[in-house]
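1. Output the structure for:
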Amino acid sequence: MKLFTIGFTKKSAEDFFEILKKNRVKRLIDIRLNTKSQLAGFAKQNDLKYFLEQIGNIEYQYMANLAPTKELLVGYQEKRVSWDQYEKEYIAILDKREILSSIDYSIFENACFLCSESVAKQCHRRLAAEYIAKANKAIEIIHL
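-> The predicted model follows:
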């Protein structure tokens, strides 16, 4: 079972949608805290849902329970929280939310987690994917 991750920054709309189509993504799972920011350009929630369907016949799903808290995100952005601390606190948030007890793992088949960061290394989408894959060994994570 392949679970992809992608960030939309530093990508043109053409590159973004072509990457999803090339990898045969069937469902884009938006795990951002802020889905409607004007800064998101083509990746604003309502626009993105439309483009995904029209361009790639890709389903859009929002999973707020995988987004970080505002406090954690802002703390990291303002450099009051280190990346190591962010990782620990984010995983603690997922544990507290009991994410694994309510997940239907079949939704992750050829799905892709979306966030804004251009690379996954220091992004919560990587942490979320690893958290879920740790509980289901059939999941292979591929960062796009």
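2. Okay, now the sheet partners of the helix or strand hosting C112, with direction.
-> C112 is part of strand 111-115 when elements are defined by DSSP states H and E. As defined by DSSP bridges, the strand partners of strand 111-115 come to strand 2-7 (parallel), strand 27-30 (parallel).
3. Give me the buried stretch members for the next helix-or-strand element following that strand, please.
-> Remark: after strand 111-115, the chain's next helix or strand is helix 124-135, criterion DSSP H and E. For helix 124-135, burial by neighbour count (16 or more other CB atoms under 10 Å) applies to 124-133. (Glycine included, C-beta is placed from N, CA and C.)
4. Identify all contacting residues around stretch 120-127.
-> Residues from elsewhere that reach stretch 120-127 (CB atoms under 8 Å, 6 or more residues apart in numbering): 5-7, 31, 66-68, 83, 86-87, 90-91, 113-115, 117, 129, 141, 143.
5. Apply 6 Å and report the result again.
-> 5, 68, 83, 90, 113, 115, 117, 143 (CB atoms under 6 Å, 6 or more residues apart in numbering).
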